[in-house]
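Student: model the structure of this input:
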Amino acid sequence: MKGDIRKALDYLNANQVRATYSAVQSYLGFGPFDKVDWQEILGPPRQYTSWVVNKKTGLPDGYKPAEMHPDLMASEEIIGKSKLLLAAIKEFKGRPEEEQSATASPKVEVADCHGNNAAVMCPHCNKAYLISGFLNKGVRSCPHCGKSKAVFQDVKAEWEASHENDIIESDQFSTRMIFKKEWLGYDVWVTFTEDDTTYRYPHDQLLQTFISRLSIIEGTKSWDQDGVYHFPRISGEQKKMLKRYITEVRDVPVATQAAETGFELPEIKTAKKAKHLED
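Tutor: Sure thing, here's the model as predicted:
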């Protein structure tokens, strides 16, 4: 029967004992001549997986010192046979459920969640890692220590519950053109009016256009520290960039002397001869 690498690693970590690649290989159901991709089985080098070692060196292959558990060499014991490893894992699994629940790993801490991605903090090594709702069926273990596991649906539900009052409306209204960091990623459209022309622009898209084409906003104190950048007046070049986002242009009546002063000049009459003019 093919063994479970997670159970094997949990046992090795809990008991701080090493096991050889050949013992783990056999435990997993591979033959002695099978080519095993340890990178695929164990994942990236980290302390949690460093207990699987080379029989000759007693160390994991290709690991840097910082990627090995600090107590890796504390015990001279190395499990070199799959039967011994299987028996130890079975005994390890046999702990009462009460004891297992008492030693259950604490939940990951949600640092941020947006769309189908989230950032969480591992409660064991206090390092952040990303989890996706698309990859690996939405489940990922900590890539640093492997001791925590995040489920995207649970992470997203927790984030939404704790931020239910932080909803950003997709339609925002302003007296001038403005960008805000708090609007990033929320598909915000901003409406403002200047000189009798009303604009409605996609916040994130136009922000990137302004940064890349005009080389403004980024690096300013207002944006970097306060997270806000606004334009008291938009320039001619900026108006050209906003032309596609015009939603309304109001008609302005042409000013006349009568409208400005309230006094209307009499009509001037002309004639070919002076005697034809009326007094």
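Student: burial of residue 151, as a residue count?
Tutor: Neighbours of residue 151 under the rule other C-beta atoms under 10 Å: 16. Backbone N, C-alpha and C define where each C-beta goes, glycine included.
Student: tell me where the model's unsure across the stretch 101-250 of the chain.
Tutor: By pLDDT under 70, the weakly predicted segments of the stretch 101-250 of the chain are 101-106, 163-167.
Student: can you give me the helices in it?
Tutor: All helices of the stretch 101-250 of the chain, identified by DSSP state H, counting those that start in this stretch, fall at 152-162, 203-209, 221, 236-242.
Student: could you dump these to a markdown table with mean neighbour count?
Tutor: As requested, these are exported to a markdown table (neighbours: other C-beta atoms under 10 Å):
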| stretch | mean neighbour count |
| --- | --- |
| helix 152-162 | 16 |
| helix 203-209 | 16 |
| helix 221 | 8 |
| helix 236-242 | 13 |
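Student: wait, which of those is closest to residue 111?
Tutor: helix 152-162 (9.2 Å; C-beta to C-beta).
Student: elements contacting that closest one?
Tutor: strand 109-114, strand 117-121, strand 128-132 (3 or more C-beta pairs under 8 Å, 6 or more residues apart in numbering; DSSP states H and E).
Student: so how far is stretch 67-77 from its chain's centroid?
Tutor: The chain centre lies 35 Å from the centre of stretch 67-77; the measure is C-alpha atoms, centre = their mean, to the nearest Å.
Student: swap in stretch 18-37?
Tutor: A distance of 37 Å separates the C-alpha centroid of stretch 18-37 from that of its chain, computed with C-alpha atoms, centre = their mean.
Student: could we number from 58 for the rest of this?
Tutor: Will do, 58 is the new start, and the previous item becomes stretch 75-94.
Student: ends of that stretch, how far apart?
Tutor: Stretch 75-94 has an end-to-end distance of 19 Å (criterion: C-alpha to C-alpha, to the nearest Å).
Student: identify each buried residue in that stretch, please.
Tutor: Residues of stretch 75-94 classed as buried under the neighbour-count rule (16 or more other C-beta atoms under 10 Å) are 75-85, 87.
Student: equivalent analysis for stretch 104-118, please.
Tutor: Buried, per 16+ other C-beta under 10 Å, within stretch 104-118: 104-110, 117.
Student: so which of those residues sit within strands?
Tutor: 109-110 (DSSP state E).
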